[in-house]
Each structure stands twice: as C-alpha cells, then as structure tokens.
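Q: below is the structure, and that's it, no one-letter string:
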C-alpha cells in the first residue's frame, strides 16, 4: 500500500515538474525582442514632413513625426510600420 502511494506521489511530482517546464518554455518563446526605429519622414523632394502618423501594423496607438519630420518608436523585431498623412 505504501509503495503505491509513494509511486503515485513521485508520478505527480514528475507531472508537476514537466508542466512547470512547459509553461516556462512557452513564456520564453513568446518573448519578442524590442528594437528602436528612428528616422526622418521626407517628401519626394527631400523636404521633412511634420505630423505624419506612424503606427505599428495591427496594433492601436502610434506616434506622430515632429516638426522636422523626425520620429523614434519602440517595436517588436520584424514589425511593420504604417505611415499616413492627411
């Protein structure tokens, strides 16, 4: 009887260990590297464009270029930026 209880406890501990290992591994696989993207938005004639909206594709929020066309934004590596101006 004691052997069965001991074996059951060992088996439960193994399952718990593998469950925690799986959770920690999945956490690291979803972590994405952030990078800083900066630059200047300019027209075809190289004139700086102010108040250009810069958004990350598929996400809410974003930034606006400065009066000299400059911008800087933190994004996940591989993200796509969308520039728009009215």
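A: Noted; the coordinates are in hand. Computed from a predicted model, the values in this text were never measured in an experiment.
Q: below-threshold pLDDT in the protein: ranges please.
A: Where the chain drops to pLDDT under 70, the residues are 1-9, 21, 23-31.
Q: now do the helices in it.
A: With DSSP state H applied, the chain shows helices at 2-30, listed in chain order.
Q: residue nearest the centroid of it?
A: Centroid-nearest residue in the chain, with C-alpha atoms, centre = their mean: residue 76, separated by 4.1 Å.
Q: partners of that one in the sheet?
A: Beta bridges link residue 76 to residue 34, judged by DSSP bridges.
Q: wait, it sits on residue 36?
A: No. At 11.6 Å, residue 76 does not count as touching residue 36 under the criterion of C-beta atoms under 8 Å. Every C-beta, even on glycine, is put in place using the N, C-alpha and C of the backbone.
Q: mind listing residues that contact stretch 48-64?
A: The contact list for stretch 48-64 (C-beta atoms under 8 Å, 6 or more residues apart in numbering) reads 40-43, 65-73, 75, 79-85.
Q: so for that stretch, what gets flagged as buried?
A: Within stretch 48-64, the residues scored as buried using 16 or more other C-beta atoms under 10 Å are 52, 54, 55, 56.
Q: now swap in stretch 72-80 and tell me
A: 73, 75, 79.
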